[in-house]
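1. got a predicted structure plus its sequence, pasted below:
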Amino acid sequence: MSTIRLTALSALLISSAFACTTGAPPKEPDQAPLPTGTGQPEAEKTSVTPQTPPEKVDTPKNVLMMARVRNPRRAMETMSNWAGLGNMWRTALDQEIPGNQDVVLFDAPVEMAMTLSAGSAFPVVRQAWSIGLTSFRAGLSFAEHMGGRLKEIETGVYYVSKHGDSCALARARGMAPARLICGTSRGDLEALVPFMARGLPEVNMGDSDAHWEFRMDTVRNELGGRVGRFKGLGKAYFSSKMKRENPRYDRAIADVVHEVLEEGQALVNDIDLVTVDATLAGERMNTKAVLRMRGKKSWTAQALLDAKNATAPAPDLFWSLPEDSYAGLYGNGGWGAKYAKMRDTFVDLVNGYLETEKVSRVGRAYAVDFVKKSWLPDAPMAYGFGPIPFKKRPTSGPWAPNAIRNAVGWHLIGYNEPATKITAQLNRAMKVLNERTIRPLIEDFDYTAKHLSKVSARGPKGKGAPRGTRVYEVSIPGKQFNRGWSSKVGAKPARVAPLVFSLAVIPNGKQTWVGLSADETALYKVFAQVKSKQSSLKGRTDLQLLRRPGVAGGFLRVPKFFQQGPRAWEDGTTPDLSGSAIPFVAVVSDGSGGPTLTIEAEAQSSSFANIGGIIRSIFTVGRSYSTSPSPVVPVPVPPPPPPRPNP
């Protein structure tokens, strides 16, 4: 599909972003109502100018999901301007679908709906999306002009077909006098056209610029006792598929499948409503996702209630991270007790699996010891990821070691735990990874592991290593980079030093930092900056959201550096790290009957500017597109037919 078409579809189908995790995407306009060619209507048209609004349709009881982008024109223009793309979306749309200005009402909402019915054997899901049209008559004429075949099925509703009856034109209520409604099948249209044309446009979805909601009560009402039956079928199916003829493993996997399906059924009973809202406000976009629960019998609900007790602002560990971090996360704990209850099941599962794979008794003992003594912290922790000083591409020999080193950067995790507790667990992990009968399993799982050395432990190397630092390292032999990674085709193999990845455990009083990098010296410099608390996240003004109490949170950044393309990692281009952060925070509160999880995020307009640079670099390399509006192509609109004589 052409770049222009992709951009055009992003304008018309902006609401499909909300539906991407709930079902198949709607058919693209070039596949349904607007192909090139000519066609004639199959039925005589009745009056195409409604004298009164069509009769309202109530919301069906089996609505599972609804979504709306309130004003697509405003949303696209605002975000395109923030991204520095100007009117590129309109130009691309005009080039792809000439004359759309006379037909599509861009100020009217783009909407989507999905229903769930029990069905005779399996649940039936119906879905459709719609866009507003300037008039019913203009829609009919445009469909004919573009080669669609029209078939009137009732007054004010036509099917539009060329690749199947998957779209319909219908008179509508609300802001748009008519709507183009598309589904994935004729059954979708039969089930949803009345509601999407005469009901959904007047459903109150709040004042946000985009809204998505999922109703779990529909699942309960439509499926009822079938949920339990599905759980039984699922347990039998997955247990048989994962069976290894090893009693220990088979019992453990059956327990895991049972617990997962029990949790699924409990969530169906506990969850009430899931919503996502996005609002354009000034120079930023605010997003809020809400999981509202009506019960608290599920493990998830109980875990959220436990986490609620640890609600607090972001910890000092988080604020001490370097201000040029690409990303940062924090958690305030509260998960340790829940994990401890699941650990025994994991022990049996790991032991049984390794036994079926003929792992030695020593190897199994190492793995069981590692799992038994694993833990999740109940105290606050923080994570950061950022760049290291980039090295230029070598003039000869392989370029891959340099590119990998630059791309890995540095990673730091801060714990309010003693260093001895962390090194003890890493020592157990090292035994597992190096055990002679376990290592082949790892290599079979990921062939690249064959090129890695064994894990080793040592003291620190390089300048600036704090006292008491313990380092675990693994390396890629230099000779591996002469196999398809060379700067020149047919170049003579060069002697290349191994690429070493270092995991350093750095004690810092009552805190411990664990760092990962392919440049150990650079890692210690980052830690020195963290310890000094100079040029830290505290100095950033775009993280105010994270000063609110929550159970977890963090931020992402889109530095301008990423606009320079993937070869920047290879070439060692000096990074431009400017760019606003996109902070997000998770809050758990008490609801009516169960907890409510709310996740809020803020994206400044400058973040969209950097994203726009990436879009331009991807979609316009080697191409030249005009950014001025395309000339309006008039669409012939026939006069209304004469009134029918009274019988």
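-> Sure, I can see it.
2. would you mark the buried spots in stretch 431-442?
-> Judged by neighbour count (16 or more other C-beta atoms under 10 Å), stretch 431-442 contains these buried residues: K431, V432, L433, E435, I438, R439, L441. Glycine gets a C-beta too; all of them are placed from N, C-alpha and C.
3. quick one: contacts for the third one?
-> Just to be clear, that refers to L433. R439, I442, K454, V455 (C-beta atoms under 8 Å, 6 or more residues apart in numbering).
4. for the buried residues of stretch 431-442, which one is nearest L85?
-> Distance to L85, by C-beta to C-beta, is smallest for L433 among the buried residues of stretch 431-442, at 47.3 Å.
5. ok, then the element right after the host helix or strand of that closest one?
-> Assigned by DSSP states H and E, L433 belongs to helix 419-434. Once helix 419-434 ends, the next helix or strand along the chain (criterion: DSSP H and E) is helix 439-445.
6. which outside residues touch that next one?
-> By C-beta under 8 Å, 6+ apart, helix 439-445 touches E357, V359, L433, A449, K450, K454.
7. C-alpha coordinates for the helix holding L433, CSV please?
-> Only the C-alpha atoms of helix 419-434 are listed here, as CSV (Å, rounded to 0.1, in the frame of the first residue of the first chain):
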residue,chain,number,x,y,z
ALA,A,419,23.6,-5.7,47.8
THR,A,420,24.2,-9.1,49.4
LYS,A,421,20.6,-10.2,48.8
ILE,A,422,20.9,-9.4,45.1
THR,A,423,24.3,-10.9,44.5
ALA,A,424,23.2,-14.1,46.2
GLN,A,425,20.3,-14.5,43.7
LEU,A,426,22.6,-13.6,40.8
ASN,A,427,25.1,-16.2,41.9
ARG,A,428,22.2,-18.8,41.8
ALA,A,429,21.2,-17.6,38.3
MET,A,430,24.8,-17.9,37.1
LYS,A,431,24.9,-21.6,38.3
VAL,A,432,21.7,-22.3,36.3
LEU,A,433,22.9,-20.6,33.1
ASN,A,434,26.3,-22.3,33.1
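8. quick one: which of the buried residues of stretch 431-442 is nearest F142?
-> L441 (60.5 Å).
9. what about that closest one, distance to F501?
-> As judged by C-beta to C-beta, to the nearest Å, L441 and F501 stand 21 Å apart.
10. repeat for F106
-> 51 Å.
11. for P109, give me phi and psi.
-> Reported as degrees, to the nearest 10, the phi and psi values for P109 are phi -60, psi 150.
12. residues in contact with it?
-> Applying C-beta under 8 Å, 6+ apart, the residues contacting P109 are R68, V69, R70, N71, P72, G132, G174, M175, A176, P201.
13. if we use 10 Å, what do you get?
-> 15, 67-72, 130-132, 174-176, 179, 200-201, 205, 210-211 (C-beta atoms under 10 Å, 6 or more residues apart in numbering).
14. which of those residues are buried?
-> 15, 67-72, 130-132, 174, 176, 179, 200-201, 205, 210-211.
15. helices - which of these land there?
-> Judged by DSSP state H, those include P72 as members of helices.
16. before we move on, back to that, just name the closest of the contacts of L433 to G264, please.
-> Using C-beta to C-beta, I442 comes nearest to G264 of the contacts of L433, at 30.8 Å.
17. one step back: closest to G336 among the contacts of helix 439-445?
-> L433 (24.4 Å).
18. against R251, how distant is that closest one?
-> 27 Å.
19. low pLDDT regions in this protein?
-> 1-51, 120, 162-165, 391-399, 446-448, 482-494, 559-578, 613-614, 616-647 (pLDDT under 70).
20. by contact count, what packs against the biggest helix by length in it?
-> Using DSSP H, we find that the single longest helix of the chain is helix 247-270. For helix 247-270, the packing partners by 3 or more C-beta pairs under 10 Å, 6 or more residues apart in numbering; DSSP states H and E come out as helix 216-223, helix 226-241, strand 284-293, helix 299-308, helix 336-356.
21. in the second one, what's buried?
-> Neighbour counts over helix 226-241 (16+ other C-beta under 10 Å) mark F230, K231, G234, K235, F238, S239 as buried.
22. so that helix versus helix 216-223, what angle?
-> 90 degrees (axes from the mean of the first three to the mean of the last three C-alpha atoms, to 10 degrees).
23. does H211 touch L200 like I think?
-> No: here H211 does not reach L200: they are 11.8 Å apart, not a contact under C-beta atoms under 10 Å.
24. list the residues that are in contact with both of the two.
-> Joint contacts of H211 and L200 (C-beta under 10 Å, 6+ apart) are M66, A67, R68, P109, E111.
25. ok so, going back, with distance to E602 added, can I get the contacts of helix 439-445 in CSV?
-> Formatted as CSV, those follow (distance: C-beta to C-beta, whole Å):
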residue, distance to E602
E357, 48
V359, 49
L433, 41
A449, 40
K450, 45
K454, 45
